[in-house]
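sequence and predicted model, in that order:
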Amino acid sequence: MQEFSDKNALHCYEVDVAVVGSGSGGLSAAIAAARQGASVLLLEKNGYLGGMTASGLPYLGYLDVKKRPVVGGFALEFVEELKKAGAALGVRYCPKHLSVVATNPDRVKGVAAELCAKNGVKYLLHSYLIGAEVENGKIVRATFDCAGTRFVVSAKVFIDATGDGVLAALAGAKVEKGTAGVDLQPASVIYTIGGVDKKAFFTFLKEHPEHLSCYSLDYLQSSPDFAFVTLDNLWKQLHPLGKWPMKGIWAMILMNRFNDSEVALNGPRIPATDATDPESITFAEVEGMRQAEAFVETLREYVGGFENAFLSHVNDTIGVRESRRVVGEKTLTIDDVVTGKMEEDSVALGSYPVDIHSSKDHTSTFQHVENPYGIPYLCTVSASLSNLMMSGRCVSCDRLAFGSIRVMGTCFALGEAVGVGAALAVKNGVAPKAVSVSKIREILLKNGAILSV
Ligand SMILES: Cc1cc2nc3c(=O)[nH]c(=O)nc-3n(C[C@H](O)[C@H](O)[C@H](O)COP(=O)(O)OP(=O)(O)OC[C@H]3O[C@@H](n4cnc5c(N)ncnc54)[C@H](O)[C@@H]3O)c2cc1C
């Protein structure tokens, strides 16, 4: 990597591969590219690495409906590293979501940074992407702001792993959002409640099994590490009395034993949130926080074990399920997902149910996928700009297919393929589109990736 100054910007970086965004999509791509010998710069607007992997949400997408592993490679390696750091307990079967990996969110940040350092990935935090210059159908420079300091990055390959397709949008690449710009899944505030007596909560659930939804009490009690509980029936009980504090019925409680008295939730759904609209996302943050606070009061009043509960942590930014998708050389469709289409050019497998939270009301579509499907490499290559690749939420897929591929296990697996593809493009002096997919697959398989079941 070269660093130099010029008259227009305080600092310039020149690298083989620039990755913007360090969530499951960006982190895996950056590390995979560096392992293939590319010089890599990972840029992140937050003050830590990890994006949503460090939110406390469990990682999903590791097992299929038949309990078969569908992701390996970096996706599994990251979990192993977290385990070594005492920050995860591994992949566990879940009766609803098929698999879960519960994590200690703050430790995730450290492990992500350690892995980057170990693999030669240079990263810059507090670095907000604000512009991109395009020449002859390629991104030549991206501009970042760090507390009023502008700096630029030039790279042979740029990877948009911002979740919101920020780089693609700034560079003028073709993007899609929802269905014709509307119909986006709701955003949710992710927060933690402290002061919970879990033993008393289990007693409450034993007395009120109607709250257990698809989980048995046995499952929960044998899951000291993690479990979901959906308090759907609490809504049925309180809503007619006008005592339900949120607009939706959905209150998901996840428990992990990293702190015995805490549970984490991603409860309030704020429908029709558009993360690319400052008015909309501001409303969602404030309204989500208000509903979270009110919900803690409801739990204190109506749910055993929560009598002394308090709001102990709110994630630094609201969780955005859906925003821009970048149009790629190929687009994964819902037909590919439900038919388990597995082509030769697949570089990662998906198998998580099609999980779409309605944009209009508080219902969800949750449809299991019978067999894993393959995600083609060219879904990660922009159709508009020859050196732009996508990883994570902004890969090329239709809105319904997005409902399945958006989970973090899948993002890790596909991100590793993106990183390998980017590095091979640099190594061979070709555009990412022209990289041999069989070579990518060969490298991925050597690294333990799963490309068939
Ligand atoms: C409420 C909610 C619940 C969910 N539940 C689960 C779950 O239980 N399990 C699961 O596996 N998945 C879950 N998902 C889905 C999953 O979290 C995401 O789809 C996945 O994390 C996307 O990964 P990503 O790398 O694309 O994005 P992110 O993890 O969001 O990473 C994007 C990164 O880009 C950075 N960035 C953005 N803009 C810029 C910029 N301009 N400049 C610099 N950096 C920038 C961000 O700060 C961030 O770190 C949930 C999502 C939400 C919102």
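Received, thanks. Numbers count the residues shown, from 1 in each chain.

for the stretch 151-300 of the chain, which spans come out with low pLDDT?
180-182, 224-228, 232, 247-259 (pLDDT under 70).

do a quick rundown of the strands in it.
175-177, 187-188, 191-194, 227-230, 252-255, 263-265, 269-270 (DSSP state E, counting those that start in this stretch).

now tabulate those in TSV and tack on mean neighbour count and distance to Ala132.
For the C-beta atoms, the positions are set from N, CA and C on the backbone; glycine is no exception. Formatted as TSV, the strands of the stretch 151-300 of the chain follow (neighbours: other Cβ atoms under 10 Å; distance: least, Cβ to Cβ, whole Å):
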stretch	mean neighbour count	distance to Ala132
strand 175-177	20	13
strand 187-188	28	25
strand 191-194	20	34
strand 227-230	20	40
strand 252-255	20	37
strand 263-265	24	36
strand 269-270	24	29
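
and for the closest residue to Asn371 other than its chain neighbours, the neighbour number?
Excluding the flanking residues, the one nearest Asn371 by Cβ to Cβ, 6 or more residues apart in numbering is Gly340, at 3.3 Å. By other Cβ atoms under 10 Å, the residues close to Gly340 number 17.

from Arg441, how far off is Gly340?
Gly340 sits 18 Å away from Arg441, going by Cβ to Cβ, to the nearest Å.

are we agreed that His313 is in a strand?
Yes. Assigned with DSSP: H, G, I helix; E, B strand; the rest coil, His313 falls within a strand.

pretty sure the residue nearest to Asn371 sits against His368.
No. The pair Gly340 / His368 is not scored as a contact, 11.6 Å apart, by Cβ atoms under 8 Å.

returning to that earlier point: what pLDDT is listed against the residue nearest to Asn371?
At Gly340, the model reports a pLDDT of 97.

swap in the one 3 residues further on?
The per-residue pLDDT reported for Glu343 equals 95.

before we move on, the earlier item: right, so of the strands of the stretch 151-300 of the chain, which gets closest to Ala169?
strand 175-177 (5.7 Å; Cβ to Cβ).

and the contacts of the closest one?
The contact list for strand 175-177 (Cβ atoms under 8 Å, 6 or more residues apart in numbering) reads 165, 168-169, 184, 274, 276, 323-327, 394, 399.

quick one: the helices in this protein?
Along the chain, the segments classed as helices by DSSP state H run 24-35, 73-84, 105-118, 166-171, 198-207, 217-221, 232-238, 278-302, 334-338, 399-405, 408-428, 437-446.

is the ligand within reach of the first one?
Same thing as helix 24-35. Yes. Counting by Cβ under 6 Å from any ligand atom, contacts between helix 24-35 and the ligand involve Ser24, Gly25, Gly26.

just give the number of residues close to the closest residue to Thr162 other than its chain neighbours.
Spatial nearest neighbour of Thr162, chain neighbours left out: Gly21 (4.1 Å); criterion: Cβ to Cβ, 6+ apart. A count of nearby residues for Gly21, using other Cβ under 10 Å, gives 30.

I figured Gly21 hits Asp160, correct?
Yes. Contact between Gly21 and Asp160 holds when scored by Cβ under 8 Å: they sit 7.2 Å apart.

joint contacts of the two?
Shared contacts of Gly21 and Asp160, defined by Cβ under 8 Å, 6+ apart, comprise Val166, Ser391.

for the residue in the stretch 351-453 of the chain positioned nearest to the ligand, what are its contacts?
Closest approach between the stretch 351-453 of the chain and the ligand, counting by Cβ to the nearest ligand atom: Gly392, at 2.2 Å. With contact taken as Cβ under 8 Å, 6+ apart, Gly392 is in contact with Gly21, Gly23, Ser24, Gly25, Gly26, Gly51, Ala161, Gly163, Cys411, Leu414, Gly415.

just Asp361 next, same as before
When contacts are taken as Cβ under 8 Å, 6+ apart, Asp361 is in contact with Pro271.

for Val320, same thing?
Here Val320 is in contact with Gly163, Asp164, Ala187, Thr273, Ala275, Ile281 (Cβ under 8 Å, 6+ apart).

for the residues you listed, pick the one with the most neighbours.
Of all these, Ala187 has the most neighbours under the rule other Cβ under 10 Å, reaching 29 neighbours.

pretty sure that one sits against Gly319.
Yes. Using Cβ under 8 Å, Ala187 is in contact with Gly319, at 6.1 Å.

give me the mean pLDDT for stretch 346-362.
Averaged over stretch 346-362, pLDDT sits at 90.

how about the nearest residue to Thr365, chain neighbours excluded?
Ile356 is the one closest to Thr365 (Cβ to Cβ, 6+ apart), at 4.5 Å.

test my guess that Gln185 contacts Val354.
No. Contact criterion Cβ under 8 Å: Gln185 and Val354 do not qualify, at 11.8 Å.

what about the two, which has more around it?
Set Gln185 next to Val354 and count neighbours by other Cβ under 10 Å: Gln185 wins out with 24 against 19.

ok, now how distant is the residue nearest to Asn371 from Ala117?
Per Cβ to Cβ, Gly340 is found 39 Å from Ala117.

returning to that earlier point: which of the contacts of Val320 sits closest to Asn315?
Taking Cβ to Cβ as the measure, Asn315 lies nearest Ala187 of the contacts of Val320, at 11.4 Å.
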